[in-house]
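K.L.:
I'll drop the sequence and a predicted model, then ask my questions.
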Amino acid sequence: MTTLRLAKELTALERLRALLDAVASLGDRAGDVYLVGGTVRDILLGEESFDVDIAVEGDAIEFARALASTLEGRLTPHEKFGTAVVLYGEDKRIDVVTTRTELYDAPGALPTVERAGLREDLFRRDFTVNAMAVSLQPADFGRLVDPFGGRADLEARLLRVLHNRSFIDDPTRIFRAIRYEARYGLRLEEHSGRLARACIEMGLVGDLSSARLRDELQALLEDPGAIGGILRLGELAADRAIHPHLRADANAAELFERALKLRDELHIVVPSWRIGLAVLGRDMSSEEAYGWLERLKVRRRDVDRIAGAITIAPRIVERLRTAQLDPAEIVALADPFAPDAPLLALSREDTPALRDYFARLRDVRIEIGGAELATMGLSESPRVGEVLAELRRRKLNGELDGRESELEAARALIAAAPEE
Ligand code: ATP
């Protein structure tokens, strides 16, 4: 087999320039150093890779220290794992590991790690297209190390696992596969696809530790290919394996797509993954949604927004169908659990009321506050909040016009019901 050299491709990459210069300047001190994983895949695809992974057949921390010093970057060593991160320039990051093998004691559990050669390090990876390396050693610069046929698979647009236990060892690889499929137009090769389905049928996806599952779902829903990813989740029946009431079907994909479009159009600040989880969980009861999201170890604040959207969005839709609401009533309906719940409601049914809420009403504020009420003799008490809420209600309904009219209305409200 001819040796493929990627020297030209490497040196053409602006983003790698400083790193390559630094490795070259270390000379023999650099040792056996390789670019590995997604970085190599992206070079072959002609895609821009942001984070760079390096594997060293030697001491990763020592190499990373020399690298950080040459790049005038910052080193974060993880002595326990023999890995290190180098941050340099404005936003550049390099992950450095010592080549190693991983041993899985139980499906889905984290593996025990042992030092090993480059080939074994590549063998522990998820797919052949991610199991390639490029040498950075001066004598060998740019040589592609591709023991499992990753380049051929990349050309055929195939994702292939390295061995039959791969998904059983680590079921998160199923989500990674869906992400790569959607992002790069790759496809799980037939045998690998069967292995993924078997792993799902065995219930191993549901057994994943919750934080790992959460990270994978978040990454999938934040990916530019997320809409295709949702469809694929359903096709592989991974949705029901995660939770019996999670539904990743064509309706979910459509609803998600509409929600993202409306979010951008109306300048609503909410991350895609939060919308996505609410869409996927839209058939859950309130208890199920809270229970599931808490098990996933989603942060409390986000749990409230997502579960709120799941339970409240249908009620918002229903209420707007059956009643003519004034602006203050629309705000009272939409504000709790905003922006997620009203955005999901708007994505289900496009109504002028909710468009008005996002375009205008949600930003309506009164000009006076507690300080003004204090000068009128109303000290800190729940009554302050009540008066301010009543003023906002009137302003929303067009009954107040500027600071003077707010002050006047406040005086009248306080006089009508003074503090007990
Ligand atoms: P991206 O970050 O763009 O999703 P990437 O391929 O760089 O793509 P990372 O999650 O940064 O993905 O992982 C870097 C490399 O580590 C991968 O290319 C792969 O070789 C390996 N890897 C990551 N996660 C796993 C896993 N769960 N099982 C096996 N190998 C993995």
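P.N.:
Arrived safely, thanks for sending.
K.L.:
end to end, how far does stretch 30-40 reach?
P.N.:
Using C-alpha to C-alpha, to the nearest Å, the end-to-end distance of stretch 30-40 comes to 19 Å.
K.L.:
which residues are in contact with it?
P.N.:
Applying C-beta atoms under 8 Å, 6 or more residues apart in numbering, the contact partners of stretch 30-40 are 10, 23, 43, 49, 51-59, 63, 66, 118, 121-122, 125, 130-138, 144-145, 150. To be clear about C-beta, it is placed using only N, CA and C from the backbone, and glycine gets the same treatment.
K.L.:
quick check: domain ranges of this protein?
P.N.:
3-155, 157-210+225-242, 243-362, 370-416 (automatic domain parsing).
K.L.:
Tabulate those (CSV), appending mean neighbour count, mean pLDDT and distance to Ala219.
P.N.:
Shown next, in CSV, are those (neighbours: other C-beta atoms under 10 Å; pLDDT from 0 to 100; distance: least, C-beta to C-beta, whole Å):
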stretch, mean neighbour count, mean pLDDT, distance to Ala219
domain 3-155, 18, 91, 13
domain 157-210+225-242, 19, 94, 6
domain 243-362, 19, 96, 8
domain 370-416, 15, 92, 40
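K.L.:
For this structure, which residue gets nearest to the ligand?
P.N.:
Taking C-beta to the nearest ligand atom, the ligand has its nearest neighbour within the chain at Gly38, 2.3 Å off.
K.L.:
start to end distance for stretch 258-272?
P.N.:
Separation of the first and last residues of stretch 258-272 by C-alpha to C-alpha is 12 Å.
K.L.:
just how off-centre is it within its chain?
P.N.:
From the chain centre to the centre of stretch 258-272 is a distance of 15 Å (C-alpha atoms, centre = their mean, to the nearest Å).
K.L.:
Those residues of the stretch 151-300 of the chain touching the ligand, which are they?
P.N.:
Contact residues (C-beta under 6 Å from any ligand atom) of the stretch 151-300 of the chain with the ligand: Asp170, Thr172, Arg173.
K.L.:
sorry, back to before: ok, and of the contacts of stretch 30-40, which contact the ligand?
P.N.:
Within the set of the contacts of stretch 30-40, contact with the ligand (C-beta under 6 Å from any ligand atom) is found for Asp51, Asp53, Arg125, Asn130.
K.L.:
of all the residues you listed, which two lie farthest apart?
P.N.:
Within these, Asp51 and Arg125 form the most distant pair, 15.4 Å apart (C-beta to C-beta).
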